[in-house]
Each structure stands twice: as structure tokens, then as C-alpha cells.
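> What shape does this take:
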Amino acid sequence: MSETSSRLIIKADHQVLMSLGDTGSIKFIGGRMRAHETPRQAAIREAREEGGVDLSPSDLYELPYQDNDPKRHSYWFGVDTYKFAAELLNIGDDVLSLFSVSLSNVEDQLTYDNWKEHWRENLLPALLGH
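Next up is the predicted model:
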């Protein structure tokens with residue numbers, strides 16, 4: 001059975017917060033859901049752990065689910081504004097760095113073809129329509 005994850009597209013001023021993973025992949029913040037978590041709870045936890053970003057449930061809005069990844073089906077949430085946590089945190093174990101990318105350049109940054117497709121066909125239109 002495949003894993004399930006929860007991912008975030010955190011954007012502000014036409015910029016999207018992305019991460020460079022320890023495997024060299026460029027992706028959005030997020031990760032595996034724990035057994036007791038809802039997708040929304042996992043997204044909030046991952047934002048804090050991987051990016052040092054404080055979010056509340058009301059900050060998140062649902063985006064199209066990704067079911068085209070054979071390794072991990074993913075729930076997706078959008079966040080239109082964000083603030084970093086008051087105290088500095090170490091970036092998550094699997095994240096080497098965080099950086100902002102222009103909304104128009106996100107697809108070029110993504111590592112995986114299925115993520116690029118999901119971005120182009122589902123996520124970007126949903127973000128622009130929000």
C-alpha cells in the first residue's frame with residue numbers, strides 16, 4: 001500500500017515557498033501523514049517542522065488531491081500568507097534549504113515530472129482561481 005502525504009503551497013506576493021531536500025529534489029513543504037492525523041493537521045505540523053512556519057487550520061484551503069504518484073497519494077492545501085515562527089528552528093531533517101520562487105517559475109523548479117503535471121493541470125489553476 002502506498003503512503004499518504006499532506007503538502008502545502010505557501011505563497012505570498014506571487015512567490016511560492018519551496019524546499020531543497022536532502023536527496024537533491026526541489027519540492028513543496030510537506031510529508032507523510034501520521035496514523036492519528038488528518039491531512040490538515042499533517043500539513044500544519046510539516047509547515048512548522050520543515051519550514052518554521054506557523055499556521056492555523058483557518059489559514060489553509062483545499063487544493064486538488066494528487067493520485068498520480070505511485071509512491072505517495074497527496075492531499076494539498078494552499079496558504080495565501082504566512083509568517084515564520086517567533087523562535088528560530090532548525091529546518092527539518094530532510095530539508096537543506098528554503099527559498100522563494102516566482103509563481104510563474106514553479107514548474108521549472110520542480111524535480112518530478114508527475115509533480116510538474118499536477119502543478120500545471122490542477123494546482124496552478126486552483127491557486128489562480130482562489
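> where are the low-confidence patches of this protein?
Within the chain, the stretches with pLDDT under 70 are 1-2, 84-93.
> could you redo the last one with a cut-off of 50?
Along the chain, segments meeting pLDDT under 50 span 1.
> so what does the top helix by length along the chain touch, helix or strand wise?
Ranked by residue count and defined by DSSP state H, the top helix of the chain is helix 39-51. With contacts taken as 3 or more CB pairs under 8 Å, 6 or more residues apart in numbering; DSSP states H and E, helix 39-51 sits against strand 3-12, strand 15-21, strand 30-32, strand 53-54, strand 60-66, strand 72-79, strand 95-102. To be clear about C-beta, it is placed using only N, CA and C from the backbone, and glycine gets the same treatment.
> want to try a markdown table for these, with mean neighbour count and distance to Leu123 as columns?
Shown next, in a markdown table, are the helices and strands packed on helix 39-51 (neighbours: other CB atoms under 10 Å; distance: least, CB to CB, whole Å):
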| stretch | mean neighbour count | distance to Leu123 |
| --- | --- | --- |
| strand 3-12 | 20 | 6 |
| strand 15-21 | 20 | 10 |
| strand 30-32 | 20 | 12 |
| strand 53-54 | 18 | 18 |
| strand 60-66 | 16 | 6 |
| strand 72-79 | 20 | 6 |
| strand 95-102 | 14 | 13 |
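> In TSV, list those strands along with distance to Leu127.
Converted to TSV, the helices and strands packed on helix 39-51 look like this (distance: least, CB to CB, whole Å):
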stretch	distance to Leu127
strand 3-12	6
strand 15-21	9
strand 30-32	15
strand 53-54	17
strand 60-66	7
strand 72-79	6
strand 95-102	13
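> Which one of these lies nearest to Arg40?
Of all the helices and strands packed on helix 39-51, it is strand 60-66 that lies closest to Arg40, at 5.9 Å by CB to CB.
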